[in-house]
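Student: this one's structure only:
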């Protein structure tokens, strides 16, 4: 089995703002090489939120090469190998945007998604974030959001799931998990996705009564006996899963903001809008309550995951 695992970090919410890429090359069913390459994003501009996630700063990339020469070098050395990413829809969108914004077509490659593989292989996990899936495969995450570590973790997941199904090629693994191979063409692409009737299925939408507050949870936890409201889609897990985590920690998950709300968790797009001075209606309600003297903490998705 041969492939190149890849993981991008971005400087802002824009997909053409790659600031680093981690790669891990697999040959003969094992990782033979891995590295991180810094990339100077357009204008070397960064959002505070993104820096808080991955720790990469403008000072670190002010002398780095831009996207196209970095990626051309990586792809030329990988000799046409297929690409593998965890949540490939994100990483491939960063790759496409990086080439598009500089007036280039895409490199022609097949690509595969370990997130889709994991949803099929581990349907009972509470979520399918990279560290949790790696743990389910028997591995240990060294440093999440370090590009090289994430690329290595993705490679380990692909190899572990392939081994569990007895697959010796990525295409053979796709047949096992019911996944369509993604493909980049020069000026278009075909997404990597689960075939009809396989893989992850959305469950019916839950009502508030479905979230049973665990009053035996650790009372020192941040969310114990607290009303926690959510706004916007989350990147790390479905919102239902995040709300269930709050209930398991002894909290009361909510979809609306009131005077009883103690925390408001912002999904990725809502956090982006907030940092750009354009808060959502729900967040405006929370901010108005804060101005009126109510104690409400606004949490980014990263901050929520650290507390939960």
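Tutor: On my side now, so go ahead. The structure presented is a predicted model; accordingly, all values stated were derived computationally and were not measured. Numbering: from 1, shown residues only.
Student: For this structure, which segments count as helices?
Tutor: With helices called from DSSP state H, the chain shows them at 48-54, 58-61, 67-77, 88-100, 114-121, 130-136, 147-165, 170-177, 239-248, 268-275, 281-291, 301-307.
Student: So for residue 191, which of those sits nearest?
Tutor: Among the helices of the chain, helix 88-100 comes nearest to residue 191, with 6.7 Å by CB to CB. The C-beta positions use only the backbone N, C-alpha and C, and glycine is treated the same way.
Student: so what does that closest one touch, helix or strand wise?
Tutor: strand 3-10, helix 67-77, strand 83-85, strand 109-113, helix 114-121, strand 182-184 (3 or more CB pairs under 8 Å, 6 or more residues apart in numbering; DSSP states H and E).
Student: Determine which of these approaches residue 290 most closely.
Tutor: It is, among the helices and strands packed on helix 88-100 and with distance given as CB to CB, strand 3-10, at 29.5 Å.
Student: any residues touching the closest one, and which ones?
Tutor: 17-26, 41, 50, 53-54, 56, 74, 78, 81-86, 90-91, 94-95, 112, 145, 147-148, 150-152, 154-155, 158, 170 (CB atoms under 8 Å, 6 or more residues apart in numbering).
Student: Which PyMOL command selects the buried ones in those residues?
Tutor: This is how PyMOL selects the buried members of those, with burial counted by 16 or more other CB atoms under 10 Å:
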select buried, resi 17+18+19+20+21+22+23+24+25+26+41+50+54+56+74+78+81+82+83+84+85+86+90+91+94+95+112+145+147+148+150+151+152+154+155+158+170
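Student: Flag the shaky bits of this protein, pLDDT-wise.
Tutor: 195-210, 268-278 (pLDDT under 70).
Student: any idea how it splits into domains?
Tutor: Annotated domains of the chain cover 3-194, 208-307 [automatic domain parsing].
Student: circling back to that earlier point, need the helices and strands packed on helix 88-100 in TSV with distance to residue 190, can you?
Tutor: Below are the helices and strands packed on helix 88-100 laid out as TSV (distance: least, CB to CB, whole Å):
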stretch	distance to residue 190
strand 3-10	18
helix 67-77	18
strand 83-85	13
strand 109-113	9
helix 114-121	14
strand 182-184	4
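Student: closest to residue 241 out of the ones you listed?
Tutor: helix 114-121 (12.1 Å).
Student: now residue 265, which residues is it bridged with?
Tutor: residue 230, residue 299 (DSSP bridges).
Student: That one is in contact with residue 231, isn't it?
Tutor: Yes. Under the criterion of CB atoms under 8 Å, residue 265 makes contact with residue 231 at 7.3 Å.
Student: okay, those two: which has more neighbours?
Tutor: residue 265 (28 against 25; other CB atoms under 10 Å).
Student: residues in contact with residue 151?
Tutor: Counted by CB under 8 Å, 6+ apart, residue 151 has contacts 5, 6, 7, 22, 23, 24, 34.
Student: Show me the one of the helices and strands packed on helix 88-100 that comes nearest residue 245.
Tutor: helix 114-121 (17.9 Å).
Student: tilt between the closest one and helix 170-177?
Tutor: Counting by axes from the mean of the first three to the mean of the last three CA atoms, to 10 degrees, helix 114-121 lies at 40 degrees to helix 170-177.
Student: chain center to helix 114-121: distance?
Tutor: Its chain's C-alpha centre and that of helix 114-121 lie 14 Å apart, by CA atoms, centre = their mean, to the nearest Å.
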